[in-house]
Structure formats: structure tokens, C-alpha cells
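# Give me the fold of what follows.
(chains A and B)
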Amino acid sequence: NAGVMQNPRHLVRRRGQEARLRCSPMKGHSHVYWYRQLPEEGLKFMVYLQKENIIDESGMPKERFSAEFPKEGPSILRIQQVVRGDSAAYFCASSPPSSQETQYFGPGTRLLVL
Amino acid sequence: DQQVKQNSPSLSVQEGRISILNCDYTNSMFDYFLWYKKYPAEGPTFLISISSIKDKNEDGRFTVFLNKSAKHLSLHIVPSQPGDSAVYFCAPMNYGGATNKLIFGTGTLLAVQP
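Numbering: from 1, shown residues only, chains lettered A, B, ... in the order given. A predicted model of the protein is given here:
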């Protein structure tokens, strides 16, 4: 049973470009969470999605960031017009509908903005 | 506004001895508490959790204690092994709320010396 998959593992973008981060939850998991870890900081919640629905986006920056979890395919975290301050590790976690209290994390995508 | 504090940034312990990692929180709405271990360049790995209706949960070498009145929890690892060397995060949630977002502490770097 594969764990949470994230790709790419590393992503380099120049300022102003777009970054797309993908997350495939564990099999049978319908809840997806995105967290960000800035350098020298702990993980911070960004957004919580269920299939085709955004449940809580209280941690998402108001501009340039968006997330989706379509009926088919992975969850996508999209960052438009990236800036240097977006450089961070972005982690995706998933949980099953029957046991939502435990979240299982993927390996993360490390975004570097030049 | 830091709701979750892990006041020891680092801890060094001899192999075979007990490691005690502490976590304090301020939000009385938290009712489920998780501990994660994280190696560099990897995602957090779930270790153990405890519900607010309990004061102790044990799983092998790992035991978590919860003192609700003091808003304090601790993770005990005994005996400690060199492979336990990692950053440990305390991550509570309000499981009964509308969202299951985790609020991460700043982490404690545990070094187990052979």
C-alpha cells in the first residue's frame, strides 16, 4: 500500500513563474491537507480539501495561491507569480474518512525560487 | 500567537536511556494530540497520538502523557536508540471542530548518542 506521493520532490522556479505541486493521497483517503514549512520554522497549515471541495483554506495566502482536489487525479497546489519568499518545503497529508484524526504525510516538495 | 510551544529546541540523550520531549499548548479547544518524527529532507512520520479523554497512551517504546489542566503533554521514549535521532513535533488539533488542521509546535531535535 503506497504512502502519500508528492511530485516533484524538488522544483526550481524563477520569480514570476508558476509552480504546480501534486499530491496523490493514500489509497482510500479522501481528505487532503497541505502544509508549508518555511526555513527555520515549523509546519503551518494551508488548506484542507475533500474530493471536489475546499473545506478550510484559512492558512492560504489570499493572493497567488490556489488548491484543488478533483474527482479524478491528484490534488494540486498552484502558486502563481512566485516570489523568493515562497521558497519552502510543501507537505501534503491525507487521512481516511473513517479515521480523520490521523494524517499521513508525503515526502514533500522543496520549492526554490531564484 | 503561538498556540503550541516546544521549549527545548534540542535534547541529547545516551543510547538506552529515556528521552522526554515536552509540549505546552494554550488552546483549550484542542482535543486530540499527535506526535510526529521528522528526518531531514523527509515528510513527518506519525508516531503516536492521544485523545483528551485519556491521560496516557503507550505504543512499544513510546508513551505519551497528557495533563489537560496544565495544558501540557510529553513524549517518553525508552530505551532511546540512535535511530530515534530526529526532530519531534507535537501537533494538536480540534478534532470536534469544522476542520482537522494540525497546529505544529516548533519541534525538538533529539540526538541519541551511541
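
# CA only for contacts and neighbour counts going forward, please
Fine.

# and the closest residue to A:Ala88 other than its chain neighbours, what is it in contact with?
Nearest residue to A:Ala88, sequence neighbours excluded (Cα to Cα, 6 or more residues apart in numbering or on different chains): A:Leu38, at 4.7 Å. The contact partners of A:Leu38, taken as Cα atoms under 8 Å, 6 or more residues apart in numbering or on different chains, are A:Ser87, A:Ala88, A:Ala89.

# Inside helices: which ones of the residues you listed?
With DSSP state H as the criterion, helices contain none of those.

# So which of those belong to strands?
The members of these that map onto strands under DSSP state E are A:Ala88, A:Ala89.

# quick one, strands of chain B?
Using DSSP E, the strands of chain B run over B:4-5, B:10-14, B:19-25, B:32-38, B:45-51, B:56-59, B:62-67, B:72-77, B:86-93, B:108-113.

# and the direction of the fifth one versus that of strand B:62-67, what angle?
Comparing the axes of strand B:45-51 and strand B:62-67 via axes from the mean of the first three to the mean of the last three Cα atoms, to 10 degrees yields an angle of 40 degrees.

# which of the contacts of A:Leu38 has the most neighbours?
Among those, A:Ala89 has the most neighbours (other Cα atoms under 10 Å in any protein chain shown), with 22 neighbours.

# May I have the beta-bridge partners of that one?
Bridge pairing for A:Ala89 (DSSP bridges) gives the partners A:Gln37, A:Arg110.

# Repeat that for B:Ser12.
Bridge pairing for B:Ser12 (DSSP bridges) gives the partners B:Ala111.

# That one contacts B:Val112, doesn't it?
Yes. Between B:Ser12 and B:Val112 there is a contact under Cα atoms under 8 Å: 5.9 Å.

# burial count for A:Glu57?
Neighbours of A:Glu57 (other Cα under 10 Å): 18.

# residues touching it, list them.
Here A:Glu57 is in contact with A:Met46, A:Val47, A:Tyr48 (criterion: Cα under 8 Å, 6+ apart).

# My guess is A:Phe105 contacts A:Ala93. True?
Yes. Counting by Cα under 8 Å, A:Ala93 is a contact partner of A:Phe105 at 4.1 Å.

# What count of nearby residues applies to the closest residue to A:Gln50 other than its chain neighbours?
In space, and not counting its chain neighbours, A:Gln50 is closest to A:His31: 4.7 Å by Cα to Cα, 6+ apart. Around A:His31 there are 22 other residues, counting by other Cα under 10 Å.

# So the residue located most distally from the centre of chain A versus A:Lys44, what's the distance?
Distance from the centre of chain A peaks at A:Ser98, with 21.7 Å (Cα atoms, centre = their mean). Per Cα to Cα, to the nearest Å, A:Ser98 is found 24 Å from A:Lys44.
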